[in-house]
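Peer 1: Give me a 3D structure for the following:
(chains A, B, C and D)
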Protein chains: 2
Amino acid sequence: MKTLTKEELKQVTACKTNRFYKKGDIIFNENELLNGVYCIREGICKMTKLSSNGKDHTVKLMGKGQLIGQRSIISGERTHLSAIALNDIEMCFVPKEQILSNIKSNQEFSFNVLQNLAQDLREAEDGLINMAQKTVRQRVAETLIYVGNTFGENEDGYLSVSLSREDYASIVGTATESAIRILSQFKKEGLISTKGKKIKIENKIDLERVE
Amino acid sequence: MKTLTKEELKQVTACKTNRFYKKGDIIFNENELLNGVYCIREGICKMTKLSSNGKDHTVKLMGKGQLIGQRSIISGERTHLSAIALNDIEMCFVPKEQILSNIKSNQEFSFNVLQNLAQDLREAEDGLINMAQKTVRQRVAETLIYVGNTFGENEDGYLSVSLSREDYASIVGTATESAIRILSQFKKEGLISTKGKKIKIENKIDLERVE
DNA sequence: GTTAAACTATGATAATTGTCATGTTTTCCG
DNA sequence: CGGAAAACATGACAATTATCATAGTTTAAC
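Peer 2: Take a look at the predicted model:
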């Protein structure tokens, strides 16, 4: 967004609208046609896909400042993921026409979007390799660290995004019971501690080294 | 490439060079700085990454007409995958400057690249979900079908790309022995047949439905 | 053509992960 | 606050997959 001219920014500001979602709300579903892009101003949402075995898989989490729906708007295809609020969210919505027109008229903005997608692609490919090569235990550890690094911790040290065990399982690609079991193990090993469903990373170094 | 003007095409043609690789040759390694993009004119290569457990994982296969190194050139980062020839390959190499200049000056070409990346991203995310949710058996079956659909079959019906069992294991994300075992099962079940290392899909319908 | 090296095959066993069952704790709402 | 629903926890067992060992086949180089 920083590469837009003043004039373009004014246009975007003029046509964008704010939208609010509550925890659990569906922002959009798989296989929908979007008519714009969402940018998160506040809150977190998960991008999920229902797989053929009936389970939801969470592909990634999106937080403040991130764009949702970019890919679908660019490719002109329907969404292949759904977006679901993990807490209360404030979004701003920019109509498709506005985004596409900026992409077509502003070289720098367009290149920026290109770099974004390139980055997303790298992350997706890395994720694929993790999924293929690492154990569930390692993936749970990595997810905890990722959530801590990306969305931060509260003053009391607990992860500021609190996900259910089912959410963790869905990110890691395992059964909910397995995720629960592994988090319990981590507790016993002193790697994390919990208070209700809140999680605190107690030993990041060793958590990173989990085998 | 079709969206370039005659003048631009002339420039690309002027500065591109042809390169040849033999089966097993490394086109580039992980963590290299590329100074251009490769386009496959003939042959197949695999994009792999060495994972922390010491195994190579094959992220995707690239065939005729596909661009390699696009992502790195756009993001300006080092490669995160290596490219290795699976058979004899003829490439054409276009210098980075030429590609970037076309992206910056030709709106339509730039949008085309954008759509390419969007497509790649979707494939990577779908792959991630497959990896997370499907059994090794299902992934082997899907890989066979993918290879058949994408790279075709010879007149005699055998897959025209012949991968080793190790290659299949590396794509599917499993141990070589497991890949071998599953292919043997498929043979017994009449889903495929083999002749040396060549594979023929005998019953595509049931192969698609494997559980 | 022969022969070593690479690849394919298969069994036995261990490790990992999933599933089902059941009980406890936490959260949320009236 | 109380009670129901959701989330968490854990055991027992089954299924999947990895690992190690060993042997047969194919490929490719000389």
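Peer 1: pLDDT score for residue A:146?
Peer 2: On pLDDT, residue A:146 comes in at 95.
Peer 1: How many residues are close by it?
Peer 2: 13 (other Cβ atoms under 10 Å in any protein chain shown). The way it works is simple: take the backbone N, C-alpha and C, and place the C-beta from them, glycine included.
Peer 1: quick one: it and residue A:81, what's the gap?
Peer 2: Applying Cβ to Cβ, to the nearest Å, the value for residue A:146 to residue A:81 is 18 Å.
Peer 1: in chain A, which spans are helices?
Peer 2: Taking DSSP state H as the criterion, chain A carries its helices at A:6-15, A:70-75, A:96-105, A:107-133, A:136-151, A:165-172, A:176-188, A:204-208.
Peer 1: Now do the contacts for residue A:122.
Peer 2: By Cβ atoms under 8 Å, 6 or more residues apart in numbering or on different chains, the contact list for residue A:122 reads B:71, B:75, B:77, B:80.
Peer 1: Give the residue spans of chain A that score low on pLDDT.
Peer 2: Within chain A, the segments meeting pLDDT under 70 span A:1-2.
Peer 1: which bits of it sit near DNA strand C?
Peer 2: Residues of chain A found near DNA strand C (Cβ under 7 Å from any atom of the strand) are A:135, A:136, A:137, A:173, A:174, A:175, A:177, A:178, A:196, A:197, A:198.
Peer 1: Reformat the residues you listed as a markdown table; add distance to residue A:160 and neighbour count.
Peer 2: Formatted as a markdown table, the residues of chain A next to DNA strand C follow (distance: Cβ to Cβ, whole Å; neighbours: other Cβ atoms under 10 Å in any protein chain shown):
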| residue | distance to residue A:160 | neighbour count |
| --- | --- | --- |
| A:135 | 27 | 13 |
| A:136 | 24 | 16 |
| A:137 | 24 | 17 |
| A:173 | 24 | 22 |
| A:174 | 24 | 20 |
| A:175 | 26 | 13 |
| A:177 | 26 | 10 |
| A:178 | 25 | 17 |
| A:196 | 14 | 7 |
| A:197 | 13 | 11 |
| A:198 | 9 | 15 |
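Peer 1: State the pair within the residues you listed that is farthest apart.
Peer 2: A:135 and A:196 (27.2 Å; Cβ to Cβ).
Peer 1: any idea how far the closest residue to DNA strand C within chain A is from chain B?
Peer 2: Minimum separation of chain A from DNA strand C (Cβ to the nearest atom of the strand) falls at residue A:196, amounting to 2.5 Å. As judged by Cβ to the nearest Cβ, to the nearest Å, residue A:196 and chain B stand 28 Å apart.
Peer 1: just checking: which of the contacts of residue A:122 also lie near DNA strand D?
Peer 2: Answer for the contacts of residue A:122 near DNA strand D: none qualify (Cβ under 7 Å from any atom of the strand).
Peer 1: give the contact list for the residue sitting nearest the centre point of chain A.
Peer 2: Against the mean C-alpha coordinate of chain A, by Cα atoms, centre = their mean, the closest residue is residue A:61 at 1.5 Å. Remark: with contacts taken as Cβ under 8 Å, 6+ apart, residue A:61 is in contact with A:44, A:45, A:46, A:47, A:86, A:147, A:150, A:151, A:161, A:171.
Peer 1: Equivalent analysis for residue A:160, please.
Peer 2: Residue A:160 touches A:151, A:152, A:153, A:154, counting by Cβ under 8 Å, 6+ apart.
Peer 1: Look at the second one and say how many residues are nearby.
Peer 2: Residue crowding around residue A:152 was assessed by other Cβ under 10 Å; the count is 11.
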